[in-house]
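Engineer: Show me how the following folds:
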Amino acid sequence: MPLRLLSGLMSVAACAALAGPALAQPDAPPVAAAVSQERAPERVPTKLARLASLLGHDGDVRIVAFGSSSTEGAGASSPAMAYPALLERDLEERLQIGASSRRSITVINRGKGGDTSEEMAARLERDVLAERPDLVVWQTGSNDPLRGVPVERFVELTRAGIQAIRATGADVVLMDQQWCRKLSGVEGAERYGEALHALAAELNVPVIRRRALMQSWVTHGLMTPAQMIGPDGLHMTDAGYRQLAKAAAAQILVGAGLIQPSLARN
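Structural biologist: Modelled structure (predicted):
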């Protein structure tokens, strides 16, 4: 990737590293300023090979945000405040993509409220693969415990979905459950998050650790639970989605090898 683009990756939102714990998220310093001149920079892992290749050249990048109501934008004041729309704008800003640019980032929202892994599997071909994405950000695991889908079935369908996405040549990133009182009150709900992380580790899939990130935002005083989750106790507010989009953008760029993991967390 040209150095002029790397220098444009400014104010990286702090978030958990792709395989590490979530930490507070004040904006990180500019990438160029944060790399010490006294030592060689750390090796940057590349888990999203297709995205890394595309971002190294001019052209278009298509991202599908796949999931349930958290992706659709339930609780947001408008579709423009759902996390996929905010993610597109954040990536454009970080990569300095403007009207005169020869490249573009498009994030397509394919969230559908109430979907479990069963419903998402049924529409994967039509709503995701047919869009010919370069990257799929798949938010899953929240509705399955609420609606009694066995965790084994959840794992089976998630594994098959990851394999189907990768078979097209696209990259995939998973997003785990939100941290909220409604899910916390469901016995065994945490098993779905644990299963998602185990599967991601097995298949070497990056995970946006939303649950841990949300806990960190509260712990470090970035926002209160009431500012982050709406009155229904489940869906995020505009402020919550805005912070989630920042975290997702940073982790996607880490996965593409464009940001060192240490620069994507405080």
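
Engineer: can you give me the helices for this structure?
Structural biologist: Listed in chain order, the helices of the chain (DSSP state H) span 3-6, 31-34, 49-55, 69-72, 83-94, 117-127, 143-147, 151-167, 181-184, 190-203, 210-219, 225-228, 238-255.

Engineer: so which of these comes closest to Val61?
Structural biologist: helix 49-55 (5.2 Å; Cβ to Cβ). Any C-beta I mention is one placed from the backbone N, CA and C, and that applies to glycine too.

Engineer: hmm, who's touching the closest one?
Structural biologist: For helix 49-55, contacts defined as Cβ atoms under 8 Å, 6 or more residues apart in numbering pick out 1, 5, 46, 61, 95, 134-135, 169-171, 252, 255-258.

Engineer: let's go with 7 Å and repeat that
Structural biologist: The contact list for helix 49-55, computed with Cβ atoms under 7 Å, 6 or more residues apart in numbering, reads Met1, Thr46, Val61, Asp134, Leu135, Gly169, Ala170, Asp171, Ala256, Gly257, Leu258.

Engineer: Can you tell me which of the helices of the chain has the worst average pLDDT?
Structural biologist: Mean pLDDT per stretch puts helix 31-34 lowest among these, at a mean of 33.

Engineer: Make CSV out of the helices of the chain and add mean neighbour count and distance to Ile108.
Structural biologist: Below are these laid out as CSV (neighbours: other Cβ atoms under 10 Å; distance: least, Cβ to Cβ, whole Å):
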stretch, mean neighbour count, distance to Ile108
helix 3-6, 12, 23
helix 31-34, 14, 28
helix 49-55, 19, 15
helix 69-72, 24, 11
helix 83-94, 22, 7
helix 117-127, 16, 9
helix 143-147, 21, 21
helix 151-167, 17, 14
helix 181-184, 14, 26
helix 190-203, 16, 22
helix 210-219, 21, 20
helix 225-228, 15, 25
helix 238-255, 25, 15
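
Engineer: now, among the contacts of helix 49-55, which is nearest to Gly233?
Structural biologist: Nearest member of those to Gly233, counting by Cβ to Cβ, is Leu135, at 30.8 Å.

Engineer: what sits against the closest one?
Structural biologist: Leu48, Leu51, Ile63, Ala170, Asp171, Val173.

Engineer: Need the pLDDT of the fifth one.
Structural biologist: Asp171 carries a pLDDT score of 97 in this model.

Engineer: Look up which residues are beta-bridged to it.
Structural biologist: Going by DSSP bridges, Asp171 is paired in beta bridges with Leu135.

Engineer: Is it correct that it is in contact with Val61?
Structural biologist: No: the criterion here is Cβ atoms under 7 Å, and Asp171 misses it with Val61 at 10.4 Å.

Engineer: shared neighbours of the two, which are they?
Structural biologist: With Cβ under 7 Å, 6+ apart, Asp171 and Val61 have common neighbours Leu51, Asp134.

Engineer: Show me which of the two is the more surrounded one.
Structural biologist: Asp171 (25 against 20; other Cβ atoms under 10 Å).

Engineer: sorry, back to before: any chance of the contacts of Leu135 in CSV, with distance to Arg209 too?
Structural biologist: What follows is the contacts of Leu135, written out as CSV (distance: Cβ to Cβ, whole Å):
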residue, distance to Arg209
Leu48, 16
Leu51, 19
Ile63, 19
Ala170, 21
Asp171, 18
Val173, 11
